[in-house]
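Visitor: Next one to model:
(4 chains)
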2 protein chains.
Amino acid sequence: MPVKNMDKARGSTTGRPIMILLDMLGKRWTLRIMWELRDRPLTFRDLQKQCGDISPTTLNSRLRELRDFEIISHDTGGYSYTALGAELGAQMTELDNWSRKWASQLNDSQA
Amino acid sequence: MPVKNMDKARGSTTGRPIMILLDMLGKRWTLRIMWELRDRPLTFRDLQKQCGDISPTTLNSRLRELRDFEIISHDTGGYSYTALGAELGAQMTELDNWSRKWASQLNDSQA
DNA sequence: TCTTGACGCTACAAAATATGTAGCGTATCC
DNA sequence: GGATACGCTACATATTTTGTAGCGTCAAGA
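Guide: Below you'll find the model as predicted:
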């Protein structure tokens, strides 16, 4: 089942939600932005600082996409997850857990 | 705790595992490749077909990175997850579940 | 043995995407 | 009204990705 207003997603002609999601998350900085928002709202400038060397052009373009898809929203407190976005944000924590395990195993195999 | 041989990750100077992971997954096609491998091994050419219009240059570069990080391996059957990679692959299923919920909610809010 | 097919790639110029710096317009606080 | 923080936009440069072509290896079949 294709999704409305998701037609222009980069890598997908099917319109399948997972393809649209993978396409969006696969753009540079998108996952990082989701990660940085994991436990508090951040302003545009906060995000620039947290992400180090992201350009404002790119940051704005990612934030717009995340807003269009209702994963984040913007109000006076800054940018933060929507209710549904928070569930995706929770996956960031899973990735963090996995990455720690991964790092220790890689160190072992190189010891 | 920085990770050995992860120094050249694009977006991160810290060497923190999560940063390296987000950086890798944030490159175009990496998530898609992980997704396509979710329930069977695929050859290089299978992956090209499944991914539609990925260029062999990019595919090779992503596969190399995933192999270097021991997330996938390559043998006579094709490319497939390592044991640890499979745990990351399982997250792909979570993303799929989330994306379906997301799609139906987006459709509602646009109805 | 010759050919056909699949395999995993590499080369390289062109196109798309991201960067870095500068700075604009608005609002708020003193 | 001067200083500060806000969310951006402009635009030339740099990096990344694409698309097409094709190479070298191997194994099966005629």
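Visitor: residue boundaries of the helices in chain A?
Guide: A:17-25, A:30-36, A:44-50, A:56-68, A:83-110 (DSSP state H).
Visitor: any residue of the fourth one up close to DNA strand C?
Guide: Which is helix A:56-68. Yes: with CB under 7 Å from any atom of the strand as the measure, helix A:56-68 is seen reaching DNA strand C through A:56-58, A:61. To be clear about C-beta, it is placed using only N, CA and C from the backbone, and glycine gets the same treatment.
Visitor: give me the number of residues near the nearest residue to A:Tyr79 once chain neighbours are set aside?
Guide: Nearest non-adjacent residue to A:Tyr79, counting by CB to CB, 6 or more residues apart in numbering or on different chains: A:Ile72, 5.4 Å away. If you count neighbours by other CB atoms under 10 Å in any protein chain shown, A:Ile72 ends up with 24.
Visitor: which other residues reach stretch A:85-104?
Guide: A:31, A:34-35, A:37-38, A:66, A:70-73, A:81, B:1, B:3, B:6, B:17-18, B:20-22, B:25, B:69, B:71, B:84, B:87-88, B:91, B:94-95, B:98, B:101-102 (CB atoms under 8 Å, 6 or more residues apart in numbering or on different chains).
Visitor: Using neighbour counts, pick out the buried residues of that stretch.
Guide: A:85, A:87-89, A:91-92, A:95-96, A:98-99, A:102-103 (16 or more other CB atoms under 10 Å in any protein chain shown).
Visitor: returning to that earlier point: with pLDDT and distance to DNA strand D added, can I get the residues of helix A:56-68 next to DNA strand C in CSV?
Guide: Listed next are those as CSV, based on pLDDT from 0 to 100; distance: CB to the nearest atom of the strand, whole Å:
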residue, pLDDT, distance to DNA strand D
A:Pro56, 98, 3
A:Thr57, 98, 4
A:Thr58, 98, 9
A:Ser61, 98, 8
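Visitor: Could you list the low-confidence segments of chain A?
Guide: A:1-14, A:110-111 (pLDDT under 70).
Visitor: what does chain A put close to DNA strand D?
Guide: A:28, A:43-46, A:55-57, A:60, A:63, A:74, A:78-79.
Visitor: redo that, cut-off 10 Å
Guide: A:10-11, A:26-28, A:41-49, A:55-61, A:63-64, A:67, A:74-79 (CB under 10 Å from any atom of the strand).
Visitor: Narrow the residues you listed to just the buried residues.
Guide: Buried members of those, scored by 16+ other CB under 10 Å, are A:11, A:26-27, A:41-42, A:47, A:59, A:63, A:78-79.
Visitor: my guess is A:Arg32 meets A:Gln48, correct?
Guide: No: the pair A:Arg32 / A:Gln48 is not scored as a contact, 11.7 Å apart, by CB atoms under 8 Å.
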